[in-house]
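[1] Quick one, fold the following:
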Amino acid sequence: MTRDPHPTASVVELSTPDCWRLLEAESLGRLALLDASGEPRIYPVNVVVRDGLLYLRSAGDAKLRFLRSRPAVAFEVDGVDGGDRWSVVVRGHAAIVETDAELRRARDGGVRSMSPTPKPYVVRIAPQRVTGRRFAERTAPGDDDLLRSRIFRPSDQDLPAAARSPHPIPGFRPRADA
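    Down below sits the predicted model:
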């Protein structure tokens, strides 16, 4: 893997060969596509990379209908490597594999599904763009945590009475004879 020559950089763009090495080493990722109404859908899928293409299995369900009508998809894998986190995103077009030769090539490549439901269809993703990023895992939130400075907490005097912290209610000590 290409390491960052500037260790103070927070996010490092991965080279295309590094992205492919990470893709080839993984078998589980997420497929993002658009449904019939144009809303995004994300599905966890098992994948195999073979000859510059990604293959996955699917049932004859809504996912296939969406792919037929809108073949543009994104596929993402991520992981941990030492103290680094990484993510690779593939953008491309998906199609159902229909030729015997390509079905054999996908099968020989090890495409399978871990799902308990039958997945008789094979889908091919032809990548158009492959990108990736790597960054060091933050060990603990620190004083530089930008989210901390964005949280607004009004003082009690700025709040309406009903939203203020309750004041202690004076009470009586229990009687000794009770």
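[2] Report the spatially nearest residue to Leu33, omitting neighbours in sequence.
    Closest residue to Leu33 apart from its sequence neighbours, by Cβ to Cβ, 6 or more residues apart in numbering: Val73 at 4.8 Å. Backbone N, C-alpha and C define where each C-beta goes, glycine included.
[3] let me redo that: Arg70
    Leu34 (4.7 Å).
[4] what about that neighbour, neighbour count?
    Look at Leu34: counted by other Cβ atoms under 10 Å, it has 16 neighbours.
[5] now Ile96
    For Ile96, using other Cβ under 10 Å, the count is 14.
[6] can you map out the strands along the chain?
    Secondary structure of the chain (DSSP state E): strands located at 12-13, 28-34, 40-50, 53-58, 72-81, 84-96, 121-136.
[7] burial count for Leu67?
    Every residue meeting other Cβ under 10 Å relative to Leu67 is counted, giving 22.
[8] Now it: closest residue in space, sequence neighbours ignored.
    Nearest one to Leu67, counting by Cβ to Cβ, 6+ apart, is Ala94 at 4.8 Å.
[9] burial count for Asp18?
    18.
[10] I figured it hits Thr131, correct?
    No: with contact defined as Cβ atoms under 8 Å, Asp18 and Thr131 do not form a contacting pair (10.7 Å).
[11] how far away is Ser115 from Arg129?
    28 Å (Cβ to Cβ, to the nearest Å).
[12] that older thread, report the beta-bridge partners for the residue nearest to Arg70.
    As for beta bridges, Leu34 partners with Pro40 under DSSP bridges.
[13] That one touches Phe66, doesn't it?
    Yes: taking Cβ under 8 Å as the definition, Leu34 is a contact partner of Phe66 at 6.6 Å.
[14] who touches both of the two?
    Shared contacts of Leu34 and Phe66 (Cβ atoms under 8 Å, 6 or more residues apart in numbering): Arg41.
[15] ok, now which ones touch Gly83?
    So Gly83 contacts 136-137 (Cβ under 8 Å, 6+ apart).
[16] Over to Glu39: give its phi and psi.
    Per-residue torsions, Glu39: phi -80, psi 140 (degrees, to the nearest 10).
[17] and it, how many neighbours?
    8.
[18] Identify the residues contacting it.
    Contacts of Glu39 (Cβ under 8 Å, 6+ apart): none.
[19] gap between it and Lys119?
    23 Å.
[20] Okay, and the beta partners of the residue nearest to Leu33?
    Gly92.
[21] Please apply the same query to Asp81.
    Bridge pairing for Asp81 - DSSP bridges - gives Asp84.
[22] still on that earlier bit, make CSV from the strands of the chain and add mean pLDDT to it.
    Output for those, formatted as CSV (pLDDT from 0 to 100):
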stretch, mean pLDDT
strand 12-13, 94
strand 28-34, 95
strand 40-50, 93
strand 53-58, 94
strand 72-81, 94
strand 84-96, 96
strand 121-136, 95
